[in-house]
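In: Give me a model of this one.
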Amino acid sequence: MSQSFSRQIVGTTPFSQQDALQLLAQQALSHTGIAALFEAITATLKTVLGMPYCRCWQMLSDNLTLKCISVSENLKNEKLPTSFSGAEAAWIKRLKQRKHPFALSSHQRSPEDWSEILVPDACNAGVLIPICGSDQELLAVIELYGTELQQSDSELDFLQSVAHLLATSIQRSRSEGLLATQSKILEQLAAGDSFQNILSSLCLLIEAQSPGSLCSIMLLDESGTKMVAGAAPTFPQEWNDAIDGLTIGEGVASCGTALHRKEPVFVTDIATDPLWAPFKAFAELHNIHSCWSTPFFSQTGEVLGSIALSHRSACAPLQFHHQLIKTAAHLASITTDSSRATAQLRHQAQRDVLTGLYNRKTLLSQIQAKIQALREKPLSESFAVVFLDVDHFKLVNDSWGHRVGDQLLMAIAHRLKACLPESAVLARLGGDEFAILLGGYPRQSGAQEILNRIVEQFSQPFELGDHSLFATTSVGIAYSSDRYQDPEEILRDADIAMYQAKQTLSGEKIAVFDRAMHDQVMARHGLETGLRLSIQQAWQSRGAIAGEGHPVVPALELHYQPIVSLANREIVGFEALLRWQHELRGRIEPVEFIPVAEETGLIIPLGSWVLRSACEQLKLWHQQLGDESLMMSINVSGRQLLQADFVGQVGQLLAESGLPPSCIKLEMTETVLIKATPVLKARLEALRGLGVHLSLDDFGTGYSSLSYLHQFPVNTLKIDRSFVMDLRPGQDQVTRTMVGLSEGLGLTAIAE
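Out: Predicted coordinates:
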């Protein structure tokens with residue numbers, strides 16, 4: 001009771017019943033709690049009615065037990081019982097039946113009407129005030145004792161008003177408690193508290209709303225057949241251990257049966273209910289005599305678990321309990337659904353969607369943990385990182401479609417799992433790239449054996465429905481070292497080793513990383529970067545020439561090699577040769593940088609610059625020499641020819657320059673024709689339709705060369721230099737044959 005309220009009572013003379021009710025109403029509205037309100041009522045009744053002895057009792061959840069929560073000052077030092085159960089006090093049952101205040105006199109002191117408390121013998125009168133809810137549920141009891149009681153109508157009305165005020169406050173407190181419970185659980189969810197903590201909080205909050213009960217939550221396992229202990233903070237551990245893992249079904253206590261039936265099961269007396277027959281002795285051992293279990297469901301109607309209220313006496317639920325359990329089940333459902341959603345999001349954040357393997361982020365996290373352990377404890381377990389790539393996987397998608405490609409990736413993931421120990425971490429990095437973290441594998445251990453097994457498994461066909469596909473893999477491995485500080489570094493080195501295995505001509509599918517590989521990759525990266533900048537510079541120099549900026553001296557330039565007719569020794573044309581003068585390395589040969597341009601796609605802007613620059617130079621010579629018969633041979637790559645607008649680019653260039661189409665000769669290698677598709681063949685026909693000449697470079701070095709001469713509209717054969725570099729009498733039969741073949745087909749032959 002608040003001090004201000006105490007002063008109001010003491011300082012009020014006389015203290016009327018109306019004043020008392022007003023003060024009690026103010027106390028009830030102040031939200032100081034039910035216990036404080038009981039204290040205020042104790043003091044008020046003593047003052048207003050002049051009865052010195054007062055006790056207040058609250059009915060517990062079992063609706064059988066009264067618990068003392070407030071006594072008047074003159075009883076606080078007495079050794080009085082703190083609780084009564086219905087089995088011990090017949091007057092509790094009589095209170096439930098009467099449900100209104102009634103007076104006691106000295107000649108009525110008997111176990112049926114008087115509580116068995118130690119009060120002075122001088123107390124000849126008393127009054128019992130039952131506090132009942134709207135459904136006539138007994139919520140609490142107030143006892144008053146003194147020497148006499150004026151049983152006037154006004155006093156009985158006053159007591160009835162106090163009882164109503166207290167009942168209203170208790171019921172309001174219950175409603176507020178339910179709202180507070182919901183708010184607390186939702187706050188914990190929003191704050192990201194752990195699933196276990198939230199379930200435990202829910203149990204404790206429900207127990208606070210239902211004094212005397214024990215709350216527990218059981219969950220269904222992934223199979224949907226067994227119970228898993230969710231939370232039971234006030235139960236002994238052996239109780240939780242005994243229930244955890246039980247298979248649900250009819251007759252498996254309250255929770256197992258409720259989960260099986262998918263409906264509430266209220267066992268009011270465990271001793272006599274057949275559902276508890278197998279567990280009755282265990283329940284008696286732990287003094288559990290009733291259990292009300294209610295299943296809760298997901299938003300889709302799936303059973304998630306059950307929430308139960310147990311009691312140490314045999315009892316049935318009241319209306320309030322049904323509302324409480326309904327609220328608790330709803331909160332348990334929200335919590336479990338949220339936890340599952342969070343777990344699913346966490347799983348999705350860690351896993352590859354297609355294969356279910358770990359993703360790149362998770363793999364890097366695992367590698368980082370290994371690096372950290374090795375850094376803190378140098379003698380810790382070493383590890384290795386493996387990088388795998390499926391050879392020519394793009395052909396699968398192009399030939400069979402992405403659905404079959406996805407099926408192949410899933411089959412590969414399954415086969416890789418079968419090759420690895422349980423401790424290995426397998427991840428899909430994207431596309432057809434996989435990576436493995438192997439713990440405890442130094443260079444001389446079984447890592448090589450595992451990799452050999454993987455390569456061997458890839459030699460077997462993959463059966464994908466109606467398709468039987470072969471897919472090989474290239475594998476690189478990098479071993480842990482104290483020089484690795486970032487997981488990306490060792491993964492990068494394993495990737496470098498994999499690339500080395502893919503490029504090797506020996507057929508070896510596995511490569512171990514060493515520093516030389518890294519140096520080669522860095523050199524290649526530097527070459528690519530320099531080439532990219534040089535191409536940009538070359539195009540900028542064209543703008544400067546056109547007056548759009550300051551002159552720029554490009555690192556890339558074209559040299560022109562004359563093409564001489566052996567018949568009259570006259571120059572009939574030129575071949576444009578690309579040269580690169582690197583500012584640090586000096587001259588870099590095309591054989592070194594053209595493959596890099598092809599692989600990176602830089603060949604597109606580079607080839608476009610070469611084509612335009614060579615045409616402009618030829619136009620200038622035509623004007624200076626007055627000879628428009630001079631031709632220009634310009635090399636083009638397969639990637640250029642596959643550009644959808646390449647024919648249009650050539651046509652536009654011819655129109656802009658005014659050059660006769662017949663003086664432009666586009667050179668391509670035999671390898672382009674070997675991989676030719678119907679699209680490429682149509683594109684070559686379109687170029688011939690413009691009037692442009694086509695030349696087959698490096699003739700004689702490819703495969704099935706003669707067959708391609710009939711298939712493609714070629715004008716010129718360019719005999720590879722290997723046939724003419726050391727040409728001596730008696731050793732020129734092959735070259736003579738090539739020249740004769742050209743003449744027979746009506747083609748021009750050029751000796752390089």
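In: What does residue 691 show for phi and psi?
Out: In terms of degrees, to the nearest 10, the main-chain angles of residue 691 are phi 100, psi 0.
In: list the contacts for it?
Out: When the contact criterion is C-beta atoms under 8 Å, 6 or more residues apart in numbering, the partners of residue 691 are 660, 661, 662. Where C-beta positions appear, they are placed from N, C-alpha and C, glycine not excepted.
In: if I look at it, how far off is residue 663?
Out: Taken as C-beta to C-beta, to the nearest Å, the spacing of residue 691 relative to residue 663 amounts to 9 Å.
In: Equivalent analysis for residue 126, please.
Out: 127 Å.
In: Please say which of those two ends up with more neighbours.
Out: When neighbours are counted by other C-beta atoms under 10 Å, residue 126 and residue 663 differ, and residue 126 comes out ahead with 23 against 20.
In: Quick one: mean pLDDT for the host helix or strand of that one?
Out: Per DSSP states H and E: residue 126 is located in strand 125-132. Looking at strand 125-132 alone, the average pLDDT works out to 81.
In: ok but residue 227 is inside a strand, no?
Out: Yes. When classified by DSSP: H, G, I helix; E, B strand; the rest coil, residue 227 is found to be part of a strand.
In: Not counting its neighbours along the chain, what's nearest it?
Out: Using C-beta to C-beta, 6 or more residues apart in numbering and skipping the chain neighbours, the partner closest in space to residue 227 is residue 218 (4.6 Å).
In: One more: residue 690?
Out: Distances taken as C-beta to C-beta, 6+ apart put residue 661 closest to residue 690, at 5.2 Å, once the chain neighbours are dropped.
In: Next, count neighbours for that neighbour.
Out: 15.
In: measure it to residue 432 for me?
Out: Noted for residue 661: a distance of 43 Å to residue 432, by C-beta to C-beta.
In: Please, where are all the strands along the stretch 201-350 of the chain?
Out: The residue ranges that make up the strands of the stretch 201-350 of the chain, judged by DSSP state E, counting those that start in this stretch, are 214-220, 227-231, 265-267, 290-297, 303-311.
In: now stretch 451-462, how far from the chain's geometric center?
Out: In terms of C-alpha atoms, centre = their mean, to the nearest Å, the gap separating the centre of stretch 451-462 from the centre of its chain is 31 Å.
In: Okay, and the beta partners of the residue nearest to residue 227?
Out: Per DSSP bridges, the residues bridged to residue 218 are residue 229, residue 306.
In: where's it relative to residue 522, distance?
Out: Separation of residue 218 from residue 522 (C-beta to C-beta) stands at 60 Å.
In: Looking at those two, which is more packed in?
Out: residue 218 (29 against 11).
In: Next one, pLDDT for residue 666 please.
Out: Per-residue pLDDT puts residue 666 at 93.
In: need the contact list for the closest residue to it other than its chain neighbours.
Out: Sequence neighbours aside, residue 636 is the residue nearest to residue 666 in space, at 5.0 Å (criterion: C-beta to C-beta, 6+ apart). Under the criterion of C-beta under 8 Å, 6+ apart, the neighbours of residue 636 are 607, 611, 666, 667, 668.
In: Doesn't the last one belong to a strand?
Out: Okay, so that is residue 668. Yes. Assessed by three-state DSSP, residue 668 belongs to a strand.
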